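[1] Give me a model of this one.
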Amino acid sequence: MRAFRILGPAAVFMAVLAIWWAATAFQWVDGLVLPSPIAVAVTFWTEAGTLAFNAGVTATEAVSGLVIGNALGLLLAILFVGSPTSRRSVLPLAMAAQSIPIVAITPALIIGFGNGMEPKILVALFLVFFPMLVNGMRGLRSADAEVGELLHSLSASGFQRLWMVRLPAALPFIFTALKFSACGCFVAAIVAEWVASDQGLGHLIVLASSQYRNDEVWAAVIICTVSSMALVGLVVLVERRAMPWLRRSEPSLA
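    Residues are numbered from 1 along each chain as shown. Reported below is the predicted structural model:
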């Protein structure tokens, strides 16, 4: 079972790599569109410093937006569940803000906050905030009402009911939002870097594509993909630690 979980994805990866190599070696695809995996591997070696620096910048922007956006979304979810008045007043504005396209808000943020990391962090924050708000509210509302009434009868404070009943019930919803955010925060940061930036993977992709260095473009894309997958894996690991009963309830694949 454990060997299959490792060997299965590894076999699929090797098959994709072989098809990629064959498509470039036999010129099924133009080299300007898809460079060979060997050329991309050489780029990782020769441009390791440049790739590492720009990947660090993008990762800082993405993770900062992930943490701040999810924390803000969860705090507002707690506020909205506890205060119907604030929910009716603020939630429609939050929903309206979420409908604004990222590519439309990014130039305005860059004009207002400059060309540094701040507008990129805000764009990543903007993308991950609403999923956490919605999932957090659903999770907090899913708490067992009878348990809540029992704690109320025992004179438990509002914070105690939140900590002991509502938040544990909301954990599956919170981690669902976190996994979505882990995938989207890197995309948001790179989109913001496309608009205006002098560093980061988005800047590197724009610069390399304008100079037809397609191997460098694909190297940056691979780094972004691997970084997103690593962040999702980290969230899943924390989820399993926070909710160990999930491992016992997972169906066997044997």
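[2] Nearest residue to Leu178 in space, please, no chain neighbours.
    Val235 (4.8 Å; CB to CB, 6 or more residues apart in numbering). From N, CA and C alone the C-beta is placed, and that goes for glycine too.
[3] Just the pLDDT at the one you found, thanks.
    Here, the pLDDT recorded for Val235 equals 91.
[4] Distance of it relative to Ser89?
    32 Å (CB to CB, to the nearest Å).
[5] how about Phe130, what does it touch?
    73, 94-95, 97-98 (CB atoms under 8 Å, 6 or more residues apart in numbering).
[6] Let's see that with 6 Å instead.
    Gln98 (CB atoms under 6 Å, 6 or more residues apart in numbering).
[7] what comes up buried for the helix or strand encompassing it?
    According to DSSP states H and E, Phe130 maps onto helix 118-141. For helix 118-141, burial by neighbour count (16 or more other CB atoms under 10 Å) applies to 119-140.
[8] likewise stretch 203-214?
    Buried residues in stretch 203-214 (16+ other CB under 10 Å): 203-208, 213-214.
[9] if we take these, which one ends up nearest to Ser197?
    His203 (4.3 Å; CB to CB).
[10] how far away is that closest one from Cys185?
    17 Å.
[11] Likewise for Ile110?
    18 Å.
[12] Looking at these two, which is more packed in?
    Each of Ile110 and Cys185 has its neighbours counted (other CB atoms under 10 Å); Cys185 has more, 30 against 20.
[13] Identify the residues contacting the more buried one.
    Contacts of Cys185 (CB under 6 Å, 6+ apart): 62, 65-66, 124, 128.
[14] In TSV: these, plus distance to Ala189 and pLDDT.
    Output for the contacts of Cys185, formatted as TSV (distance: CB to CB, whole Å; pLDDT from 0 to 100):
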residue	distance to Ala189	pLDDT
Ala62	4	93
Gly65	7	92
Leu66	10	93
Ala124	5	89
Val128	11	89
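[15] Much appreciated, bye for now.
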